[in-house]
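Student: just to be clear, the model below is a prediction. Sequence and coordinates:
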Amino acid sequence: MEFFRIKKDIPFMKHALIFNAISFITFALAVFFLFTRGLHLSVEFTGGTVMEVAYSQPAELSKVRETVSALGYPEVQVQNFGTARDVMIRLPVQKGVTSAQQSEQVLSALKAADPEVTLRRTEFVGPQVGEELVHGGLMALAMVVVGIVIYLAFRFEWKFGIAAIIANLHDVVIILGFFAFFQWEFSLAVLAAVLAVLGYSVNESVVIFDRIREAFRKYRKMSTSEVIDHAITSTMSRTIITHASTEAMVLSMFFFGGPSLHYFALALTIGIVFGIYSSVFVAAAIAMWLGVKREDLVKPTRKEDDPNDPQAGATV
């Protein structure tokens with residue numbers, strides 16, 4: 001299905017140096033903000049108090065969030081779990097205030113707004129648990145990266161594996177850079193979005209790499225840059241349709257999913273936008289800089305009538 005058929009190849013690789021320079025500058029800024037400002041970690045990573053309360057009627061999360069925010073928790077996490085009547089509240093650590101004092105204060109404010117609210121459970125999440133989550137998240141990210149490199153190296157060629165992982169890490173670091181610069185809350189949901197972006201971005205890279213291999217087999221007189229231009233141009237219709245439909249779904253979560261999905265959808269939105277850019281311009285360009293050629297992907301076949309082949313025409 002090609003709604004946007006482009007007949008003439010667009011010379012993307014002619015401007016590869018410019019695209020890579022833009023990527024390097026963006027990447028460097030993201031790293032700078034990560035080191036200077038750091039991530040604003042959520043309760044799951046830093047520790048805090050987790051409360052579970054129950055209402056007699058479906059709870060209005062916006063009103064619950066306003067009530068708790070008025071107590072001095074501007075970025076409190078409030079979400080449903082199980083049913084619409086059950087609400088989970090995550091409170092960050094406050095100096096000089098114990099977990100029990102926090103839960104009593106919040107429960108009193110909630111009862112003032114709705115006397116029928118009851119406390120189901122309260123517990124303190126220590127910093128040690130947060131450290132384990134950070135370690136587990138980094139291990140998950142590392143395993144995904146290694147898996148992608150191995151997969152692409154076996155399916156295509158090691159140069160494509162290196163190019164894809166550089167492009168994908170470029171997306172991850174830029175997402176983290178946005179969260180560091182604007183000090184958006186980095187939670188487990190955002191970490192899940194980052195891992196999802198890795199898989200999403202590598203899928204786009206595989207599509208383009210597969211078309212590059214196909215073009216190398218089909219067009220033997222084309223140079224490497226021309227083959228890459230043809231591969232990107234020929235997949236442009238698919239790229240527009242796929243990413244537009246995916247972005248529409250993510251934006252619907254962003255605008256209508258409520259605060260609990262806000263940063264998750266925001267991370268996906270940034271990742272998809274930069275994932276398109278990195279897969280099309282960064283990964284393909286790096287593969288070209290690494291010197292990928294037809295012989296890397298297409299095994300030469302021996303012609304039967306080749307006079308230089310001692311095996312040609314041999315009979316058994």
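Tutor: Arrived safely.
Student: for the protein, give me the ranges with low pLDDT.
Tutor: Applying pLDDT under 70 to the chain flags the ranges 1-4, 126-130, 133, 297-316.
Student: show me where it has strands.
Tutor: Counting by DSSP state E, the chain forms strands over residues 40-41, 48-54, 77-81, 83-92, 118-125, 185-186, given from the N-terminal end onward.
Student: with mean neighbour count and distance to Glu157 added, can I get these in a markdown table?
Tutor: Yep, even glycine has a C-beta here, placed from its N, CA and C like the rest. Written out in a markdown table, the entries for the strands of the chain read as follows (neighbours: other C-beta atoms under 10 Å; distance: least, C-beta to C-beta, whole Å):
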| stretch | mean neighbour count | distance to Glu157 |
| --- | --- | --- |
| strand 40-41 | 17 | 39 |
| strand 48-54 | 20 | 48 |
| strand 77-81 | 17 | 45 |
| strand 83-92 | 18 | 46 |
| strand 118-125 | 14 | 46 |
| strand 185-186 | 20 | 35 |
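Student: want to throw these into CSV with distance to Glu104?
Tutor: Formatted as CSV, the entries for those read as follows, by distance: least, C-beta to C-beta, whole Å:
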stretch, distance to Glu104
strand 40-41, 25
strand 48-54, 10
strand 77-81, 18
strand 83-92, 12
strand 118-125, 9
strand 185-186, 25
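Student: helices and strands around the longest helix seen in the chain, which ones?
Tutor: Secondary structure of the chain per DSSP state H: the longest helix is helix 188-218. Using 3 or more C-beta pairs under 8 Å, 6 or more residues apart in numbering; DSSP states H and E as the contact criterion, the neighbours of helix 188-218 among helices and strands are helix 127-155, helix 158-182, helix 224-234, helix 236-256, helix 259-277, helix 284-289, helix 294-297.
Student: now with 7 Å?
Tutor: Here helix 188-218 is seen to pack against helix 127-155, helix 158-182, helix 224-234, helix 259-277, helix 294-297 when contacts are counted using 3 or more C-beta pairs under 7 Å, 6 or more residues apart in numbering; DSSP states H and E.
Student: quick one: which of these is nearest Ala30?
Tutor: Relative to Ala30, the nearest member of the helices and strands packed on helix 188-218 by C-beta to C-beta is helix 158-182, separated by 2.4 Å.
Student: and that closest one with helix 127-155, angle?
Tutor: Here the directions of helix 158-182 and helix 127-155 differ by 150 degrees (axes from the mean of the first three to the mean of the last three C-alpha atoms, to 10 degrees).
Student: who's in contact with helix 158-182?
Tutor: With C-beta atoms under 7 Å, 6 or more residues apart in numbering as the test, helix 158-182 has contacts from 23, 26-27, 29-31, 33-34, 37-39, 145, 148-149, 152-153, 186, 190, 194, 197-198, 201-202, 205, 209, 267, 270-271, 274-275, 278-279, 282-283, 286-287, 290, 292, 296.
Student: of the residues you listed, buried ones?
Tutor: Neighbour counting over these (16 or more other C-beta atoms under 10 Å) leaves 23, 26-27, 30, 33-34, 39, 145, 148-149, 152-153, 186, 190, 194, 197-198, 201-202, 205, 209, 267, 270-271, 274-275, 278-279, 282-283, 286-287, 292, 296 as the buried ones.
Student: without its sequence neighbours, what residue ends up closest to Val207?
Tutor: Spatial nearest neighbour of Val207, chain neighbours left out: Thr235 (5.8 Å); criterion: C-beta to C-beta, 6 or more residues apart in numbering.
Student: ok, now which ones touch the residue nearest the centre of the chain?
Tutor: For the chain, the residue whose C-alpha lies nearest the mean C-alpha position (C-alpha atoms, centre = their mean) is Val197; its distance is 2.4 Å. The neighbourhood of Val197, defined by C-beta under 7 Å, 6+ apart, consists of Asp171, Val172, Ile175, Leu268, Gly271, Gly275.
Student: could you export the residues you listed as JSON lines, including distance to Phe256?
Tutor: Converted to JSON lines, the contacts of Val197 look like this (distance: C-beta to C-beta, whole Å):
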{"residue": "Asp171", "distance to Phe256": "25"}
{"residue": "Val172", "distance to Phe256": "26"}
{"residue": "Ile175", "distance to Phe256": "22"}
{"residue": "Leu268", "distance to Phe256": "14"}
{"residue": "Gly271", "distance to Phe256": "20"}
{"residue": "Gly275", "distance to Phe256": "23"}
